[in-house]
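1. Got a predicted structure here, sequence first:
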Amino acid sequence: MKQLNEIWDTHASQIANWSYKIAIAILLLFVASHLADAIKKKIQNSADSLKEKIDPILVPIMASVAKYALWGITLLIVLDLFGVNTNSIIALLGAAGIAVGLALKDTLQNIASGIMLIFLRPFHIGEVIECGPNVGSIEEINLFTTIMKSGDGLYMSVPNNILWGASIKNFNRNKTRMINLTIGISYKDNIDKAFTLIMDLLKADCRIHSFPESQVVLERLADSSVNLSVRCWTNVENYFPVTYDLNKKIKISLESNGLSLPFPQHEIYVHQLTNAARDK
């Protein structure tokens, strides 16, 4: 018993000190966990008020960086609390970072690509883009992926490296867009009459710009029809409404004025053989 008391007296202060440090470490980690989530949500919820000062595309990145930075600072404080030489750890992490970087090359490429996308800004939040098979509106850019929503409302998570390493077609960046329709008429129809009817429709639609000037030209002589190319310019937000309306109005106008819209067809000729030919 006396020996136990001596051991306890010897190590009591050390046990108390370690217990105090462990309690402080747990408290710091607990506070950091809740504070990191709170900061991330605060930045995300402040997106509307921040959009006048910064691009909304930066908000998710800022939220993630703030969360990870707070966690990193907290871990360094905890390690320093237990007497760990943080300088050597930082140097060790730097050396290990090279090995990790080689192992996680694709992941680091996604981070670097995300940073380049943010700075060069080939697209903004809400814009519709096409990159290879990926077509949709931009929801947000994270450190590793870009979140998109397809035209039929599907969730898409695209690695940043794919977007950065391929050509991007942005459907909203320019304010105007050309509509190019192909209209087929019969070989028996009057081409000049078709030109006039279609041009009248283009001039009557106030959504279609007068400059650049609209055009109706003969595109090519196809197998079953004479194809006319209808080209006009409109605001990008009116592209689909004007396209749909023109298709309908052109069909109604041409048919009501005696012109036809032929469908693909083949002519089959049947030759009847004479009895002499059949005998041969």
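-> Yep, it's here.

2. Mind pulling up the pLDDT for residue 175?
-> pLDDT recorded at residue 175 is 93.

3. which residues touch it?
-> Residues touching residue 175, when contacts are defined by CB atoms under 8 Å, 6 or more residues apart in numbering, comprise 235-236. Any C-beta I mention is one placed from the backbone N, CA and C, and that applies to glycine too.

4. can you map out the strands along the stretch 1-150 of the chain?
-> Using DSSP state E, counting those that start in this stretch, the strands of the stretch 1-150 of the chain run over residues 128-131, 134-141, 145-149.

5. among those, which is nearest residue 204?
-> The closest of the strands of the stretch 1-150 of the chain to residue 204 is strand 128-131. By CB to CB, the value is 28.6 Å.

6. which residues of the stretch 51-200 of the chain score low on pLDDT?
-> Residues of the stretch 51-200 of the chain that meet the criterion pLDDT under 70 lie in 51-62, 83-106.

7. Now do the buried residues in the helix or strand harbouring residue 230.
-> Per DSSP states H and E: residue 230 is located in strand 226-235. By neighbour count, and taking 16 or more other CB atoms under 10 Å as the criterion, the buried residues in strand 226-235 are 226, 228, 230, 232-234.

8. Equivalent analysis for stretch 261-270, please.
-> Of the residues in stretch 261-270, residue 262 count as buried by neighbour count, 16+ other CB under 10 Å.

9. Contacts for that stretch, please.
-> Under the criterion CB under 8 Å, 6+ apart, residues 183-186, 223-225, 251, 254-255 lie in contact with stretch 261-270.

10. repeat for stretch 127-139
-> Counting contacts by CB under 8 Å, 6+ apart, the residues outside stretch 127-139 that touch it are 57, 122-126, 146-151, 154, 156, 158, 162-163, 166-173.

11. and residue 218, helix, strand or coil?
-> Secondary structure, DSSP: H, G, I helix; E, B strand; the rest coil: residue 218 is strand.

12. State the distance from the closest residue to it other than its chain neighbours to residue 249.
-> Nearest non-adjacent residue to residue 218, counting by CB to CB, 6 or more residues apart in numbering: residue 228, 6.1 Å away. Computed with CB to CB, to the nearest Å, the distance linking residue 228 and residue 249 is 14 Å.

13. can you check residue 26 too?
-> Taking CB to CB, one finds residue 26 at 72 Å from residue 249.

14. So what touches the helix or strand containing residue 201?
-> Residue 201 is part of helix 191-204, with elements assigned from DSSP H and E. Residues external to helix 191-204 that are found in contact with it (CB under 8 Å, 6+ apart): 183, 185, 208, 214, 216, 218, 226, 228, 230, 232, 246, 249-250, 253-254, 257, 259.

15. For stretch 65-82, list every residue counted as buried.
-> Along stretch 65-82, the positions that meet the burial threshold by neighbour count (16+ other CB under 10 Å) are 67, 70, 74-75, 78.

16. Of the residues you listed, just say which sits nearest to residue 118.
-> If you rank the buried residues of stretch 65-82 by distance to residue 118 using CB to CB, residue 67 comes first, at 17.2 Å.

17. So that closest one sits against residue 36, correct?
-> Yes. When contacts are counted by CB atoms under 8 Å, residue 67 is listed as touching residue 36 (4.4 Å).

18. Would you mind measuring from residue 178 to residue 244?
-> Applying CB to CB, one obtains 16 Å for the distance of residue 178 from residue 244.

19. no, scratch that, I was asking about residue 153
-> As defined by CB to CB, residue 153 lies at a distance of 20 Å from residue 244.

20. Kindly report the same for residue 262.
-> For residue 262, the distance to residue 244 (CB to CB) stands at 22 Å.

21. which residues of the stretch 51-200 of the chain fall in helices?
-> Using DSSP state H, counting those that start in this stretch, the helices assigned to the stretch 51-200 of the chain run over residues 59-81, 86-103, 105-120, 160-164, 191-204.

22. Only the buried residues of stretch 20-38, if you could.
-> With burial defined by 16+ other CB under 10 Å, the residues of stretch 20-38 counted as buried are 25, 32, 36.

23. Show me this structure divided up by domain.
-> According to automatic domain parsing, the chain is divided into the following domains: 2-103, 123-170, 176-256.

24. In JSON lines: those, plus distance to residue 117.
-> Converted to JSON lines, the domains of the chain look like this (distance: least, CB to CB, whole Å):
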{"stretch": "domain 2-103", "distance to residue 117": "8"}
{"stretch": "domain 123-170", "distance to residue 117": "6"}
{"stretch": "domain 176-256", "distance to residue 117": "21"}
